[in-house]
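Novice: starting from these lines, generate the structure:
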Amino acid sequence: NHEPRTTNHEPRTTNHEPRTTNHEPRTTNRQQSTDNQKYLIRLKRIGLISDTHGWLDEAVFHHFKDVDEIWHAGDFGSLELASKLAAFKPLKAVYGNIDGPELRHLYPETLSWTCEDVKVAMIHIGGYPGKYSKEGKALILEEKPQLFITGHSHILKIQYDQSLRCLHINPGAAGKQGWHKVCTLVRITIDQADIRDADVIEFNKNPGNGDGGERWEVRGGR
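Specialist: Coordinates of the predicted model:
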């Protein structure tokens, strides 16, 4: 006469939630190194120079020692000077109005290329925003650069043309010949599509004559 036994025990439940962790997927040193290399490859320091007219001060080598490339906007003045720059760093250049047949054979009148994600165009006599030369304006309209580099005037200019969405840079003159009071260079960084860290460098055009020609000044900005 025994009835089947029943129990009052409910199935046991726990209050424990499934465990989660806050750990992000780990990256290896090799992955991090590769990422850093990709970033560094896409960042370049550029030294801009123009109108050397056959004279190259040692200050140029000092201020351009850490750049990746040198861009010369014409009026080298001598093949020897161009060769010295090309032996020092990778060189992109155009010839200027005083440059002879040898330099015109090596370098073009105009040059257009892409550096990182920035389209660049360069010509010696190109003018500046609001007063472009005929050839300079034609080059801009044809190539549509984000960076337009000129020389010739011996006047340093860094000016953005809002209407053409183009940054114009004339690094001034780095040689002795001309009416300019000081020699000038420009350094920039091109980081993907960003042009930044513009340094304006000034040094005296008559070193060694007692006027303090070894002095220089670097002014930085964006």
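Novice: just the terminal-to-terminal distance for stretch 103-116.
Specialist: Taking C-alpha to C-alpha, to the nearest Å as the measure, stretch 103-116 stretches 27 Å from start to finish.
Novice: how about residues contacting that stretch?
Specialist: With C-beta atoms under 8 Å, 6 or more residues apart in numbering as the contact definition, stretch 103-116 has outside contacts at 42-44, 46, 69, 76, 79, 82, 92-95, 99, 119-124, 135, 139, 143, 145, 147, 190-193. C-betas here are computed from N, CA, C, even on glycine.
Novice: can we see that at 7 Å?
Specialist: Residues external to stretch 103-116 that are found in contact with it (C-beta atoms under 7 Å, 6 or more residues apart in numbering): 42, 44, 76, 79, 82, 92-95, 120-123, 139, 143, 145, 190-192.
Novice: list only buried entries from those.
Specialist: Listed as buried from these are 44, 76, 79, 82, 92-95, 120-123, 139, 143, 145, 190-191; burial here means 16 or more other C-beta atoms under 10 Å.
Novice: mark which of those are part of strands, please.
Specialist: 44, 92-93, 120-123, 190-191 (DSSP state E).
Novice: show me which pair in those residues is furthest apart.
Specialist: Within those, 123 and 191 form the most distant pair, 24.7 Å apart (C-beta to C-beta).
Novice: buried sites along the helix or strand harbouring residue 85?
Specialist: Of the helices and strands defined by DSSP states H and E, residue 85 is found in helix 79-88. Using 16+ other C-beta under 10 Å as the test for burial, helix 79-88 gives 79, 81-82, 84-85, 88.
Novice: cool, stretch 176-193 as well?
Specialist: Within stretch 176-193, the residues that qualify as buried by neighbour count (16+ other C-beta under 10 Å) are 176-177, 180, 183-191.
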